[in-house]
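J.: model the structure of this input:
(chains A and B, ligands or ions: 1)
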Amino acid sequence: MRVGLFITCVNDTLYPHTGQAVVTLLERLGVEVGFPPEQSCCGQPQFNTGYRHETEPLVRRYATAFRDYDCIVAPSGSCAAMVRDNYPRIGAKAAAEGRGRELADAAAAVVPRTYELTEFLTDVLEVTDVGAYYPHTVTYHPTCHGLRMLHLGDRPRALLSAVRGLKLVELPGAEECCGFGGTFAVKNPAVSAAMGADKAHNITATGAEAVCAVDNSCQMHIGGTLARQGSTVRPVHIAEILASTEGDIW
Amino acid sequence: MPAFPKAADTSTHNTQLRANLRHATHTIRAKRATAVAELDDWGRLRAAGAAIKDRTLRHLDHYLEQLERAVTAAGGQVHWAADADEANRIVTELVRATGEREVVKVKSMATQEIGLNHALAEAGITAYETDLAELIVQLGDDLPSHILVPAIHRNRAEIRDIFTAKMARWGRPAPDGLTDAPADLAEAARLHLREKFLNAKVGVSGANFMVAETGTLVVVESEGNGRMCLTLPDTLISVVGIEKVVPTFQDLEVFLQLLPRSSTAERMNPYTSTWTGTTDDDGPRAFHLVLLDNGRTDALADTVGRQALRCIRCSACLNVCPVYERAGGHAYGSAYPGPIGAILTPQLRGTQSELDASLPYASSLCGACYEVCPVAIDIPEVLLHLRERVVEGGPASVRGTRAVIKPAKGHAAERAAMRAASWALDHPRVLRSGQRLASRTRRFHPRRLPGPGRAWSDSRELPTVPAESFRDWWQRTRTTTTPRHGDDRNTP
Ligand code: SF4
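T.: Below is the predicted model of the structure:
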């Protein structure tokens, strides 16, 4: 099985550590990981702001970059959801506007092979115990895209529960949006900050040392808010927990 | 009205308002979830509700004509109103013809939408709201903030103060020494309103549903005040959006299950009033139905946006929306607040004003609204569709004719930035040199951002740029033998 890693632009630029964790984890599980360097961004910032036409080259780029992989794995719920939910729409609209079926076909070819990391682990590799060790108290924030678009359900929790040394504590109001929402944070700063502040307070109240999520974009907002509130809770991507072992804690 | 972000900025700083909203929405949110979980066929009911509405909307002209025939045959009179002005003119003339100067009103979104009370006031006619929450809003010179609970933003103490200060000006004054106990407040409102019901000769209502085959109108409520307005006056005028029609009486079976559970978390609402035309010696002797378009035909012409017309105004989407919870209903600048307002208002009014163009962005796209909507309106899908209309323009129906609309003003810089970003992202080598530049200069990055990014750094710490991007790490470790983790598992 050839697995292509879609690192996503946010991880690539700001959180390379998460990407390294994904590679470490997958290779430990016996997966051969490839990284097509012609990949870039899924196009979500453009699409979610209304610039559908500007998104099209990125759809095409994704489809080309990952053409030859059996599975595409992304350590980001929102980017995986962007590909799965919106690429078919973008392709269909391009066709409806008389620009041919090429984009729609390209999207159709990659959509069913795209997985968010925890989905790939539990559904494709069929593992919940990835042999990880992480001696910390952790609370889990289910991000909106993971929760409502990808329907990840209990997958991340099941993976975390199998991590040795890890104590999982429930997050009050877990299913409420953290308020990031991509350009929403810039366009509606007051509401975004208010939502983030409430989320950060709930996280601190759990007494956890770290807050875990499947998406570093949400974590950037949550972590930035926590730090501003003077909280010591650290944001960690789930990949970094799952990659940790007794000899090598991330 | 200012654009949404500005109005919301003000309301997020009102701690009393936020506490009131938070308390109310969280309580009803939990109750609704329980009421819905009781039905094991909720998913199928929801699909049925959506399907009935979709089919009706596809053949709306047919069902409206059928409705008109049925209402007329039952002794009612049908009037067609293309927009708010026309609807207000029709109602004003109908009231004038009765010789009355006062009307009692059943809570109605459609009359809020067209600003009927204001139009009547200009013609010297006073409209009395009789729904408890609407009464609070009216006495307080306020605007509704929620579809179902228009005074959701007020707490009991505030309501007591409003009653004490204002009731006398509108009719029977509040009793002396009124407390803020719910029973006392309800009793004060009851005495005040009773006087209105018994004297009124004209009633004005909306309707939750209109049945095409029988010409029957339906109002669903909890207090019974609406029923008084519907049955006591001599003349009843109902102003209803054209999308409220359903084909058959049997279709109500679906909606009368979906609506109360989604809105008040009740298995069945306490009062369901239905009326068909007029009946000799019982109820109003004259019945007028004003069918309101006011942008609905334009929404109908939009194949993505038209699903907003399925809405049954249950308010479930408001109660789960984290943005509504912080911003409050007034920030949305129309009768329709919350997620449904964010997609309905820009379709009914167009996206040309600054406020209307900002509404499709009044969402973090978290998807909670879609999940609870009893008629499965994919609100995030419509938001994205409308965002595209705002920034890129395109074909749309405007007041019934096809037009190509221009992008809304003020997006030129953003468009340029998005195009530049897309171009850079479509050229990974450019992206990569940008990343490298950012890494090399990371020590000099400001802790506070200028321009549109300032809002970000005002409330959050910025992430620090790493010394090396992932793609550089990959290339370095996969092509040389200096892996990051001190072992060789990362080498090819
Ligand atoms: S959009 Fe759906 S959830 Fe919101 S008020 Fe309408 S029917 Fe209810």
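
J.: where does the residue in chain A sticking out farthest from the centre land in three-state SS?
T.: What lies farthest from the middle of chain A is residue A:98; by C-alpha atoms, centre = their mean that is 33.4 Å. Here residue A:98 is recorded as coil under DSSP: H, G, I helix; E, B strand; the rest coil.

J.: and it, what does it touch?
T.: Contact analysis of residue A:98 by C-beta atoms under 8 Å, 6 or more residues apart in numbering or on different chains lists nothing. In short, each C-beta sits where N, CA and C put it, glycine included.

J.: quick one, phi/psi of it?
T.: Torsion angles at residue A:98 (phi, psi; degrees, to the nearest 10) stand at phi 80, psi 20.

J.: stretch A:180-189 near chain B at all?
T.: Yes - using C-beta under 8 Å from any C-beta of the partner chain, a contact is recorded between stretch A:180-189 and chain B, made by A:180, A:181, A:182, A:183, A:184, A:185, A:186, A:187, A:188, A:189.

J.: just want the most central residue of chain A.
T.: Nearest to the centroid of the C-alpha atoms of chain A, with distances taken as C-alpha atoms, centre = their mean, sits residue A:76, at 1.3 Å.

J.: flag every buried residue along whichever helix in chain A runs longest.
T.: Among the segments of chain A that qualify as a helix by DSSP state H, the longest is helix A:189-205. For helix A:189-205, the neighbour count (16 or more other C-beta atoms under 10 Å in any protein chain shown) marks A:189-200, A:202-204 as buried.

J.: strands of the chain, start to end?
T.: Using chain A. With DSSP state E as the criterion, chain A has strands at A:3-5, A:33-34, A:71-74, A:114-116, A:137-140, A:167-169, A:210-213, A:234-237.

J.: um, chain B though
T.: For chain B, the strands identified by DSSP E occupy B:77-81, B:102-105, B:126-129, B:202-205, B:209-211, B:216-221, B:235-241, B:245-246, B:271-276, B:286-292, B:394-398, B:401-405, in order along the chain.

J.: ranking those strands by burial, who's on top?
T.: Sort the strands of chain B by mean neighbour count, taking mean count of other C-beta atoms under 10 Å in any protein chain shown, and strand B:202-205 sits at the top with a mean of 26.

J.: which ones are touching the residue in the stretch 1-150 of chain B that chain A sits nearest to?
T.: When distances are taken as C-beta to the nearest C-beta, the stretch 1-150 of chain B reaches nearest to chain A at residue B:9, 3.9 Å away. Residue B:9 makes contacts with A:189, A:190, as judged by C-beta under 8 Å, 6+ apart.

J.: what are the buried residues along the longest helix along chain B?
T.: With DSSP H applied, the helix covering the greatest number of residues in chain B is identified as helix B:15-37. In terms of neighbour count (16+ other C-beta under 10 Å), helix B:15-37 has its buried residues at B:17, B:18, B:20, B:21, B:24, B:25, B:28, B:29, B:32, B:35, B:36.

J.: can I get it in PDB, CA atoms only?
T.: Extracted as PDB, the C-alpha positions of helix B:15-37 are listed here (Å, rounded to 0.1, in the frame of the first residue of the first chain):
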ATOM      1  CA  THR B  15     -21.800  40.900  30.100                       C
ATOM      2  CA  GLN B  16     -25.500  40.900  31.300                       C
ATOM      3  CA  LEU B  17     -26.700  40.200  27.800                       C
ATOM      4  CA  ARG B  18     -24.200  37.400  27.300                       C
ATOM      5  CA  ALA B  19     -25.100  35.800  30.600                       C
ATOM      6  CA  ASN B  20     -28.900  36.000  29.700                       C
ATOM      7  CA  LEU B  21     -28.300  34.500  26.300                       C
ATOM      8  CA  ARG B  22     -26.000  31.800  27.500                       C
ATOM      9  CA  HIS B  23     -28.400  30.700  30.200                       C
ATOM     10  CA  ALA B  24     -31.400  30.600  28.000                       C
ATOM     11  CA  THR B  25     -29.800  28.900  25.000                       C
ATOM     12  CA  HIS B  26     -28.000  26.300  27.000                       C
ATOM     13  CA  THR B  27     -31.200  25.300  28.900                       C
ATOM     14  CA  ILE B  28     -33.300  24.900  25.800                       C
ATOM     15  CA  ARG B  29     -30.500  23.200  23.900                       C
ATOM     16  CA  ALA B  30     -30.300  20.500  26.500                       C
ATOM     17  CA  LYS B  31     -34.100  20.100  26.600                       C
ATOM     18  CA  ARG B  32     -34.400  19.900  22.900                       C
ATOM     19  CA  ALA B  33     -31.800  17.200  22.700                       C
ATOM     20  CA  THR B  34     -33.800  15.100  25.100                       C
ATOM     21  CA  ALA B  35     -37.100  15.700  23.300                       C
ATOM     22  CA  VAL B  36     -35.600  14.700  20.000                       C
ATOM     23  CA  ALA B  37     -33.900  11.600  21.400                       C
END
